[in-house]
Structures are given as C-alpha cells and as structure tokens.
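A.B. asks: 3D, please:
(3 chains)
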Amino acid sequence: MDEQTHEMVRDIIASVPPGKVATYGDIAAIAGLATPRLVGRVLREDGFDLPWHRIIRANGIPATHLLTEQLERLRTEGVLAENYRIDLKRYRWDPPQD
DNA sequence: GAGATGACTGCTT
DNA sequence: CAAGCAGCCATCT
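C.D. replies: Purely as a prediction, here's the structure:
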C-alpha cells in the first residue's frame, strides 16, 4: 500500500482552510489518486482527525449519511448552504498549485 | 478467485 | 433538471 499517498491525502485535507470546501475529485487529483473513491476510503479510516466536513461531492452536496452533519459544521465555519447544496463557485477551496 | 460494495465523477438520455 | 450507466480502486464476503 502507498502509505505515502495515504498520508498525503490526509495532509491535503488538513490543509483545507476554514470557510472553504473541497471536492473528493480535487483531493484525489492533488494527491495523485486515480479515483476519488479512495479519498472517501481514507476519510472513513482516518477521517476522525480530519476536517472531513470540508470535503464534499462534485455537485456541492456532502456525503449522504453525513449530509446534515456536514452542513451544520460548515455553517459554523461560515459556509452557508442553500437547499442542502453548497455554492462551489463561492466556497470551493483554491488548492496550491505547487 | 469471482462478485458485491462504497465518504465518487462525468457523460449520455 | 433528473435518472441511468460505465469507469475507477481497495476491501470484504
């Protein structure tokens, strides 16, 4: 297993600033993962220590089972959602193009 | 080793 | 705008 990749994913997620959100695809792309599903897997395993509430789907809606939870947490960070949908054009994290 | 599942995405109807 | 379908990788049964 690429422990390093796994670690990078966590690092990237931890790098997302408050008031901003990132999509699974973004995290996967930055981490060099071939599919966003792996991001979800990492979050399920080690997401407890990470701002997982800042990771949302490409359509601006959080993961189904955490939908309300994430929206509530995001709201406290200044990320307001409309009709369970977050305005990506407005809140999407601007990743470091290192 | 084959089949199903999941914190997903993009394209086509 | 909503629903369906295929591609994707790792893990579980």
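
A.B. asks: near DNA strand B, which residues of chain A?
C.D. replies: Residues of chain A lying close to DNA strand B (C-beta under 7 Å from any atom of the strand) are A:23-25, A:35-41, A:43-44, A:47-48, A:52, A:55, A:57-59, A:63-66. For the C-beta atoms, the positions are set from N, CA and C on the backbone; glycine is no exception.

A.B. asks: Buried among those? Make that a ChimeraX selection.
C.D. replies: Paste this into ChimeraX to select the buried members of those, with burial taken from 16 or more other C-beta atoms under 10 Å:
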select /A:23,24,36,38,39,40,43,47,52,55,57,63,66
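
A.B. asks: Show me the residues of chain A next to DNA strand B that map onto strands.
C.D. replies: A:23, A:55 (DSSP state E).

A.B. asks: Correct me if wrong: A:Asp26 contacts A:Asp94.
C.D. replies: No - assessed by C-beta atoms under 8 Å, A:Asp26 is found out of contact with A:Asp94, at 10.0 Å.
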